[in-house]
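*Asks:* task: produce atomic coordinates for the following.
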Amino acid sequence: MSRQLSTPTAILLGSAMIAAAVYLGLRHGPAAVAPDPRAAAGDASHRGEPAPPAGAAERASGERAAAAQRAPAVPREEVARQAARALEARRPALVERCYKPAIAARPAPREVKYVFNLTFDAQGRQIARGIIEDREASRPDVTACLATALPPVAVEPPGASVRVDVPFSLP
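*Replies:* Sure, this is the predicted structure:
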């Protein structure tokens, strides 16, 4: 009589091994990869230029990281105004698709209030969105519809990642 692992036992053991590997791998954080100094130098030796001094690649990557954390070229208030205009442009479609069917089913409350948390990357593309409902004017059915019906919002490129809060209400 030979002993074999049953399928559920094998799956359980395999899952435990994978979980242990992931846990141990994540405990130490991401591995730091040193930038290739040849990439920063632009392979200067082929152009007849002197090679950059030692550590130039590290300084250049540090400067790029600092530039990404600087204030955006477009002020946060302007990004918020652009996002509000983009939401206002979509208001008629959202009223038709989300608000009117909900009001027909249950008339109260008549007004629903939200705050959209929008995060844009340096190119002005939406990379994150959250919706906060006002407790006094809450309609979960409208909120769920807004989450699916509202396409990503775009703004003019701000030059850095920007997070804004935009008030919005329906109707």
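*Asks:* okay, helices next: where are they in this structure?
*Replies:* Assigned by DSSP state H, the chain shows helices spanning 7-26, 37-41, 56-69, 76-94, 100-105, 140-149.
*Asks:* model confidence over the second one, on average?
*Replies:* The reference is to helix 37-41. In this model, helix 37-41 has a mean pLDDT of 50.
*Asks:* so which of the helices of the chain is nearest Ser169?
*Replies:* helix 76-94 (9.5 Å; CB to CB). In this view, the C-beta of every residue, glycine as well, is placed from N, C-alpha and C.
*Asks:* who are the neighbours of that closest one, in terms of helices and strands?
*Replies:* strand 112-120, helix 140-149, strand 162-170 (3 or more CB pairs under 8 Å, 6 or more residues apart in numbering; DSSP states H and E).
*Asks:* JSON lines for the ones you listed, including distance to Ala80, mean pLDDT and mean neighbour count?
*Replies:* Formatted as JSON lines, the helices and strands packed on helix 76-94 follow (distance: least, CB to CB, whole Å; pLDDT from 0 to 100; neighbours: other CB atoms under 10 Å):
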{"stretch": "strand 112-120", "distance to Ala80": "8", "mean pLDDT": "90", "mean neighbour count": "20"}
{"stretch": "helix 140-149", "distance to Ala80": "18", "mean pLDDT": "87", "mean neighbour count": "15"}
{"stretch": "strand 162-170", "distance to Ala80": "4", "mean pLDDT": "89", "mean neighbour count": "17"}
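*Asks:* reformat those as TSV; add distance to Leu13.
*Replies:* Shown next, in TSV, are the helices and strands packed on helix 76-94 (distance: least, CB to CB, whole Å):
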stretch	distance to Leu13
strand 112-120	41
helix 140-149	39
strand 162-170	44
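*Asks:* what sits against the residue nearest to Val164 when sequence neighbours are not counted?
*Replies:* Leaving aside its sequence neighbours, Val164 sits nearest to Ala80 (CB to CB, 6 or more residues apart in numbering; 4.1 Å). Shown in contact with Ala80 (CB atoms under 8 Å, 6 or more residues apart in numbering): 164-166.
*Asks:* which of those sits closest to Glu96?
*Replies:* Nearest member of these to Glu96, counting by CB to CB, is Val166, at 20.8 Å.
*Asks:* tell me how far that closest one lies from Cys98.
*Replies:* Distance from Val166 to Cys98, counting by CB to CB, to the nearest Å: 17 Å.
*Asks:* same check on Arg129?
*Replies:* When Arg129 is compared with Cys98 (using CB to CB), they lie 15 Å apart.
*Asks:* those two - which one has more neighbours?
*Replies:* Cys98 (23 against 15; other CB atoms under 10 Å).
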